[in-house]
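Asker: Here is a sequence together with a model predicted from it:
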Amino acid sequence: MTSKSPVRSCEDVDEQALSYAEIKALCAGNPLIKEKMDLDVQVAKLKVLKADHQSQKFRLQDKLLTKFPADIQETNAHIAGLKADAQLAAAHPQGKEDFCGMVIKGVTYDEKKTAGERLVLACSELPNAEEKVIGSYRGFELSLRFDTFRSEYQALLKGQRKYTVPLGTDPLGNIIRLDNSLNSFPERITAAENELATLHQQQAAAQIEVEKPFPQEEELAEKSARLAELNAQLDVDEKSHDPEEEQPDEDAPRRPSVLAALEEKSDKPEPVKPFRSYYDKDGDAR
């Protein structure tokens, strides 16, 4: 539920109900009624379009007030964290031949293969799928977890931000994956800066759109005014020809009512004729 009124669609206004005056005027061939019916549909559709325009404007205003500022702030913080972590990784370089060492459960492993093997063993020793800190690598906190959705073990390197690295069963391959993640900061920073630029462009475009008026406002005003004139005129015509206001002329002669005559006749009793028997005529039987 929202506090904003629901917007009707244009299909809702295609059918218009006719009043008694409109039907009477339509039957009489009044040209005003057709104009009124056309304007009813046009004005209703324009009002729907205006309501939709206002709804889009409200959505853009919400984005300008809340979403864009929050997204821009979050992206700026993300970029700052990436740059700080890039400096941390650069301060603990990993050479092609030399291994800088890895700390696992308080023990420092200076050999790459041994560190890789111990990392695989630490994965198998996880008590559950939840993330667990096991040590550090190249200045970053090192954690392990099991992703049940992907069915894989993952290492997490945490500096200012956190970076997920999927692990396999190859000890040396896992070390290479960790190094590749820590060496990809330039690409991460570039992608985040491009995202920030896109957010600023979208914010500027939304600001332009929210300031645009309804493009058919003048047309809506003109047709609404004309429709009001037609409604007023048809209302006057209806009142001037209202059947209830037409009173019969009392001085005019009335035509005799057949029904009244029949009712009057039925109210008068017919005279009863005397009974005459067979012998009544001259006292002789027939």
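Answerer: Yep, it's here.
Asker: list the contacts for the residue nearest to A89 when sequence neighbours are not counted?
Answerer: Nearest non-adjacent residue to A89, counting by Cβ to Cβ, 6 or more residues apart in numbering: L182, 4.4 Å away. All C-beta atoms are positioned from the backbone trio N, CA, C, and that covers glycine. Going by Cβ atoms under 8 Å, 6 or more residues apart in numbering, L182 touches 89, 94, 138, 140, 157, 163.
Asker: Out of those, name the two that are farthest from one another.
Answerer: Q94 and Y163 (15.0 Å; Cβ to Cβ).
Asker: Tell me if I am right that G168 is in a strand.
Answerer: No: membership of G168 in a strand is not supported by DSSP: H, G, I helix; E, B strand; the rest coil, which gives coil.
Asker: Out of the contacts of L182, which is nearest to M37?
Answerer: Of the contacts of L182, the one sitting nearest to M37 (Cβ to Cβ) turns out to be Y163, at 67.0 Å.
Asker: Three-state assignment for the closest one, please.
Answerer: strand.
Asker: What is the burial count for it?
Answerer: 18 (other Cβ atoms under 10 Å).
Asker: Could you do V43 as well?
Answerer: There are 19 residues near V43, going by other Cβ under 10 Å.
Asker: On the pLDDT front, check the residue nearest to A89 for me.
Answerer: At L182, the model reports a pLDDT of 96.
Asker: Which strands and helices lie in contact with the one helix or strand R59 maps to?
Answerer: Element membership for R59 (DSSP states H and E) is helix 31-62. Secondary-structure packing of helix 31-62 (3 or more Cβ pairs under 8 Å, 6 or more residues apart in numbering; DSSP states H and E): helix 20-27, helix 185-210, helix 217-240.
Asker: rank those helices by pLDDT, which is bottom?
Answerer: For those, where the average pLDDT is lowest is helix 20-27, sitting at a mean of 59.
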